[in-house]
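1. Pasting the sequence and the predicted model now:
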Protein chains: 2
Amino acid sequence: MRFPTVAYPLVVSGFMTEQPLPFDPIARAAELWEQRVGPSTVMAAVTSVMRVQQVLQSAVDTALRPHGLTFARFEALVLLFHSQRGSLPMRVMGQRLQLHPTSVTNIVDRLEADGLVKRIPHPTDRRTTLVEITEEGKQRRSEATTAVTSVDFGLRGLTERQTVTLTDLLAKVRRANGDFG
Amino acid sequence: MRFPTVAYPLVVSGFMTEQPLPFDPIARAAELWEQRVGPSTVMAAVTSVMRVQQVLQSAVDTALRPHGLTFARFEALVLLFHSQRGSLPMRVMGQRLQLHPTSVTNIVDRLEADGLVKRIPHPTDRRTTLVEITEEGKQRRSEATTAVTSVDFGLRGLTERQTVTLTDLLAKVRRANGDFG
DNA sequence: GACAGACAGTAGGAAGTCCAACTAAATTTC
DNA sequence: GAAATTTAGTTGGACTTCCTACTGTCTGTC
């Protein structure tokens, strides 16, 4: 799904609000917060992250929907595709994707139902289940990647340099919260 | 599976991974993407936003749980509290909070069940429902605000200046996606 | 070796989000 | 003024996420 440069949906986001607000609701909320509660920089940043995540999630999912994937499932597929053997234990998938074990189960269930991955027993550890990407899964990943990479509009408005800065700032937050390190 | 309850959790995020990965999974995914797919700056930024949102959501919700609120409900409460009359039409709430009408219904249902808000009919437009914050709601907002403002650890790792930069970059993204403007 | 404890994964449930479809009320159009 | 359209909100369903609790398997200690 390509979004033409010129007027397509005004709002690519969430559920297509009829019209964008004429002001920034987060900035306004920050002003009120500042007046009546206290310093607002942190709250504004938190809210901004929340909101941009919604926008991006929606944009990416919209691009992936024709391919029968969500962003979470796409990420799982890419992870398996990039792995050495094309298979990983579910636990490892959870660590890499930062997902709860039950979320991994859910995602793998759906990918498996679509024939994109299959569960295979671990050769030595009978507790462990390996998830292997199928040929159809590799094919699907390829198509979906094309769709996703065309969604750079998700971050249009930022220069390359700004995009990198954004990633770096967010990495600081993630590290400070024990996401890795 | 039992996740140890450390006095101060190593990972405030998602579901408390036992141990943080020794490397940044997003940076590693970006490397592989770069090698095998193409430029990765956008994907890395998208993934980072997604992940930080999870971290913050979890951190804030953890702080709010003792007060019986989620971040979404807290935001709604704050919005009403800051409004002129202490009440707003549900539609307006949806616009300001960037939520789907059904999500507003859901949130208001729960807040109303807790006695923090109440639905009242609009004086002239019988289609419209006004949502009014109750005294108990104002009280709860006050307590919850204290809890949330103490959660600046959600963005620890950033200086004040960096926090502002982050908000500004995200605002650019939001504006480019028609969030406001 | 036996057994307590840790670990891998799954089932069921709650919360939140969106979508599609619906009712009721207001507004626009002719 | 009647009919068509738009708007506000709700209901029911699908999906994702996490949590709690459980089964089965491995591992370290005695």
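-> In hand now; what should we look at?

2. Which parts of chain A are helices?
-> A:25-36, A:41-64, A:71-82, A:90-97, A:101-113, A:135-149, A:160-176 (DSSP state H).

3. could you dump the ones you listed to CSV with mean pLDDT, distance to DNA strand C and mean neighbour count?
-> C-beta here means a position set from N, CA and C on the backbone, and glycine is covered the same way. Output for the helices of chain A, formatted as CSV (pLDDT from 0 to 100; distance: least, C-beta to the nearest atom of the strand, whole Å; neighbours: other C-beta atoms under 10 Å in any protein chain shown):
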stretch, mean pLDDT, distance to DNA strand C, mean neighbour count
helix A:25-36, 90, 14, 17
helix A:41-64, 87, 6, 23
helix A:71-82, 94, 12, 22
helix A:90-97, 94, 3, 19
helix A:101-113, 96, 3, 16
helix A:135-149, 93, 17, 17
helix A:160-176, 92, 21, 19
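
4. Out of those, flag the one nearest B:Thr47.
-> helix A:71-82 (7.6 Å; C-beta to C-beta).

5. so what secondary structure elements neighbour that closest one?
-> helix A:41-64, strand A:87-89, helix A:90-97, helix A:101-113, strand A:117-121, strand A:129-133, helix A:135-149, helix B:25-36 (3 or more C-beta pairs under 8 Å, 6 or more residues apart in numbering or on different chains; DSSP states H and E).

6. center of chain A - which residue?
-> A:Phe71 (5.1 Å; C-alpha atoms, centre = their mean).

7. I figured A:Lys172 was touching B:Leu158, is that so?
-> Yes. Shown here, A:Lys172 and B:Leu158 form a contact pair, counting by C-beta atoms under 8 Å, at 5.8 Å.

8. How about the contacts made by A:Ser142?
-> If you count contacts by C-beta atoms under 8 Å, 6 or more residues apart in numbering or on different chains, A:Ser142 has none.

9. repeat that for 10 Å
-> Contacts for A:Ser142 were tallied using C-beta atoms under 10 Å, 6 or more residues apart in numbering or on different chains; they are A:Leu77, A:Phe81, B:Val37.

10. likewise A:Val52?
-> The contact partners of A:Val52, by C-beta under 10 Å, 6+ apart, come to A:13, A:26, A:154-155, A:166, B:45-46, B:49-50, B:52-53, B:169-174, B:177, B:179.

11. can we see that at 6 Å?
-> B:Val49, B:Leu170, B:Val173 (C-beta atoms under 6 Å, 6 or more residues apart in numbering or on different chains).

12. A:Ser48 is in contact with the second one, correct?
-> This points to B:Leu170. Yes. Using C-beta atoms under 6 Å, B:Leu170 is in contact with A:Ser48, at 3.9 Å.

13. show me the contacts for the residue nearest to the centre of chain A.
-> A:Val60, A:Asp61.

14. at 8 Å what do you get?
-> A:Phe71 makes contact with A:Gln57, A:Val60, A:Asp61, A:Leu64, B:Met50, according to C-beta under 8 Å, 6+ apart.

15. Throw the residues you listed into JSON lines and include distance to A:His100, thanks.
-> As requested, those are arranged in JSON lines below (distance: C-beta to C-beta, whole Å):
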{"residue": "A:Gln57", "distance to A:His100": "17"}
{"residue": "A:Val60", "distance to A:His100": "20"}
{"residue": "A:Asp61", "distance to A:His100": "20"}
{"residue": "A:Leu64", "distance to A:His100": "21"}
{"residue": "B:Met50", "distance to A:His100": "15"}
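
16. Show me which pair in those residues is furthest apart.
-> It's A:Leu64 and B:Met50 that sit farthest apart of these, by C-beta to C-beta, at 13.5 Å.

17. Does chain B have contacts with stretch A:119-139?
-> No. Residues of stretch A:119-139 are not located near chain B by C-beta under 8 Å from any C-beta of the partner chain, the shortest gap being 11.6 Å.

18. which residues are contacting that stretch?
-> Here stretch A:119-139 makes contact (C-beta under 8 Å, 6+ apart) with A:77, A:80-81, A:85-91, A:93, A:108, A:111-112, A:115-118, A:141.

19. Alright, calling it a day.
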